[in-house]
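Novice: Turn this into a structure:
(one chain, ligands or ions: 3)
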Amino acid sequence: MKRIIPAFALTLFCAGSAAAGTSIIVLPAQNGNVTFAHTLHQEMRQEIRDMSCTTCHETEKGGKIAALGKEWAHKTCIPCHEKKDGPTRCEGCHQE
Ligand code: HEC
Ligand code: HEC
Ligand code: HEC
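Specialist: Residues are numbered from 1 along each chain as shown. Ligands and ions are numbered 1, 2, ... in the order given. Below is the predicted model of the structure:
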């Protein structure tokens, strides 16, 4: 199988104010980039008690995720979406 190494290039931009959900990270994928609302997910920690920075990161400080890629992402992201009503269909995350 062809091993595709995603470009770890981060696109961070702020859409307006410092209000909720402004930090967006674009995770590049050949079948459509995933626009990940980082701040929105960080803020969910208040409502989703079993979510912390270490749900996705190795440490509480966050930063680059060495294992980032299809396998990591689908394993890390989709189970919670199934439980908590986040997107689970491909095009809910991957957008051309
Ligand atoms: C639902 C998953 C998820 C949660 C929860 C999460 N992050 Fe992230 N975070 C990511 C992803 C994905 C990236 C992009 C990583 C990469 O490009 O290697 C990222 C990137 C980062 C970065 C580097 C990009 C930047 O903003 O400069 C920092 C710092 C960071 N996160 C901190 C945190 C902290 C602190 C928390 C907890 C308050 C947190 N994250 C919670 C998924 C998450
Ligand atoms: C919860 C969001 C989410 C859902 C739902 C999802 N994916 Fe993904 N997928 C991701 C993320 C995040 C990545 C990693 C992107 C990266 O590493 O830059 C990824 C990576 C991939 C890759 C690798 C792309 C590449 O260029 O390396 C493929 C292929 C893929 N997904 C297919 C699918 C298919 C098919 C479905 C539906 C059955 C699906 N995904 C559903 C978030 C999702
Ligand atoms: C612990 C739970 C949890 C984890 C882990 C999680 N999510 Fe989510 N996510 C949610 C919930 C809940 C929503 C619905 C939020 C809403 O509609 O307000 C959501 C919504 C989304 C959306 C749609 C948001 C929008 O802008 O409409 C995307 C895209 C997404 N998540 C991507 C990801 C990716 C990529 C990961 C893994 C890096 C991830 N999520 C990990 C709980 C989670």
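Novice: can you map out the strands along this structure?
Specialist: 12-14, 23-27, 33-37, 94-95 (DSSP state E).
Novice: gap between the closest residue to ligand 1 within the chain and residue 89?
Specialist: Proximity of the chain to ligand 1 (C-beta to the nearest ligand atom) peaks at residue 62, 2.1 Å away. Just so you know, the C-beta spots here come from the backbone N, C-alpha and C atoms, and that holds for glycine as well. Distance, residue 62 to residue 89, using C-beta to C-beta, to the nearest Å: 27 Å.
Novice: Between the two, tell me which one has more neighbours.
Specialist: residue 62 (13 against 8; other C-beta atoms under 10 Å).
Novice: got the contact list for that one?
Specialist: Applying C-beta atoms under 8 Å, 6 or more residues apart in numbering to residue 62 gives the contacts 53, 56.
Novice: What separation do you get for it and residue 41?
Specialist: 11 Å.
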